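Trainee: How does the following fold in three dimensions:
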Amino acid sequence: MTHPLRAEGITVGYRDAVLRDLSVVIPEGSFTVIIGPNACGKSTLLRAFARLLQPESGEIFLKGRPIGSYASRDVARSLGLLPQSSTAPDGITVAELVARGRHPHQTFLKRWSRHDEAAVGEAMTVTGVANLASERVDRLSGGQRQRVWIAMVLAQQTEILLLDEPTTYLDIAHQVDLLDLCRALNRTGRTLVAVLHDLNLACRYATHVIAMRDGEILAEGPPTEIVTADLVRKVFGLRAIVIEDPISGGPLVVPEQRAPDTTSDRGCASTVCIDLR
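Mentor: Okay, here's the model as predicted:
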């Protein structure tokens with residue numbers, strides 16, 4: 001069976017290796033979510049899948065072929081990436097930025113077409129930014145900008161979407177809207193791989209979960225099969241109970257109360273400040 005993405009024995013890092021001899025397969029047609037504590041290698045793995053990081057050893061395969069054997073344009077036609085942070089050119093409008101998602105489909109002989117126009121329009125509609133088409137991206141709120149970047153990735157119309165913390169800057173309502181959109185895209189046959197910090201949202205939406213810690217994969221599989229109190233303790237160092245989510249029927253992680261921070265100089269570690277202005 002040819003999987004859309006897989007890694008075989010990859011060692012990847014920056015100055016020091018973050019991932020060592022790691023192997024993993026992304027199931028075809030899955031909505032895979034990578035979870036784990038900060039700096040455990042989640043985004044590094046995603047960047048390696050996107051060919052933004054070259055493994056020191058091992059190999060990344062895209063549709064059964066080494067990803068390095070593809071031309072850059074061919075990779076961009078198969079795989080779309082939403083990175084953690086993106087910067088738009090000064091003065092660019094929403095429609096202009098989303099249209100850049102069509103660049104991999106343009107050639108010297110094949111210019112802008114009605115199909116490109118339709119792809120951009122559909123991407124803006126499903127992400128709820130069509131009414132912002134003429135607005136400058138640098139004048140939007142953080143949440144609006146995030147949805148515009150997602151629209152650009154969707155405009156690529158790739159079979160595989162890689163999303164690195166896509167719910168950043170979004171309030172809870174927009175997080176749910178975005179993940180509903182991701183689930184709908186997955187149900188049309190696209191393979192999605194996302195890094196999420198919210199474990200309960202991951203459990204609700206993912207069909208496949210990869211749990212990482214210290215550059216290693218501790219568990220992977222459907223959330224109903226692998227997300228347990230023991231796994232939460234091993235991955236996050238957090239004591240919790242896992243109950244049934246009353247909405248989805250999947251696992252719902254309820255953290256136990258941690259010991260209060262007695263080292264705080266202010267003596268008010270448990271205080272939550274709310275600005276009502």
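
Trainee: Could I get the average pLDDT for the longest helix along the chain?
Mentor: As assigned by DSSP state H, the longest helix anywhere in the chain is helix 172-187. Mean per-residue pLDDT for helix 172-187: 89.

Trainee: And it, what does it pack against?
Mentor: strand 31-35, helix 142-155, strand 160-164, strand 191-195, helix 199-205 (3 or more CB pairs under 8 Å, 6 or more residues apart in numbering; DSSP states H and E). In this view, the C-beta of every residue, glycine as well, is placed from N, C-alpha and C.

Trainee: Just the CA trace of stretch 115-135, in CSV.
Mentor: C-alpha atoms of stretch 115-135 as CSV (Å, rounded to 0.1, in the frame of the first residue of the first chain):
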residue,chain,number,x,y,z
HIS,A,115,-10.5,27.3,-12.7
ASP,A,116,-8.0,29.3,-10.7
GLU,A,117,-10.6,32.1,-10.1
ALA,A,118,-13.1,29.5,-8.9
ALA,A,119,-10.5,27.8,-6.6
VAL,A,120,-9.7,31.1,-5.0
GLY,A,121,-13.4,32.1,-4.6
GLU,A,122,-14.2,28.7,-3.0
ALA,A,123,-11.3,28.9,-0.6
MET,A,124,-12.3,32.3,0.6
THR,A,125,-15.9,31.2,0.9
VAL,A,126,-15.3,28.1,3.0
THR,A,127,-13.0,30.0,5.3
GLY,A,128,-15.4,32.9,5.8
VAL,A,129,-13.1,35.6,4.3
ALA,A,130,-14.9,36.3,1.0
ASN,A,131,-16.3,39.6,2.4
LEU,A,132,-12.7,40.7,3.2
ALA,A,133,-11.4,40.1,-0.4
SER,A,134,-10.5,43.8,-1.0
GLU,A,135,-9.1,44.4,2.6
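
Trainee: Need the contact partners of that stretch.
Mentor: 93-95, 98-99, 101-102, 105-106, 140, 144, 147-148, 150-152, 154-155, 157, 177, 181 (CB atoms under 8 Å, 6 or more residues apart in numbering).

Trainee: Helices of the protein, start to end?
Mentor: Ranges of helices within the chain are 42-49, 72-78, 94-99, 114-126, 142-155, 172-187, 199-205, 223-226, 229-236, based on DSSP H.

Trainee: mind checking which of these is nearest residue 248?
Mentor: Between residue 248 and those, the shortest gap by CB to CB is with helix 199-205, which sits at 4.8 Å.

Trainee: CA atoms only for that closest one, dumped as PDB, please.
Mentor: Taking C-alpha atoms only, helix 199-205 is exported to PDB below (Å, rounded to 0.1, in the frame of the first residue of the first chain):
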ATOM      1  CA  LEU A 199      -5.700  17.700  23.600                       C
ATOM      2  CA  ASN A 200      -9.500  17.500  23.800                       C
ATOM      3  CA  LEU A 201     -10.000  19.200  20.400                       C
ATOM      4  CA  ALA A 202      -7.400  16.700  19.000                       C
ATOM      5  CA  CYS A 203      -9.400  13.800  20.500                       C
ATOM      6  CA  ARG A 204     -12.700  15.100  19.100                       C
ATOM      7  CA  TYR A 205     -11.600  15.700  15.600                       C
END
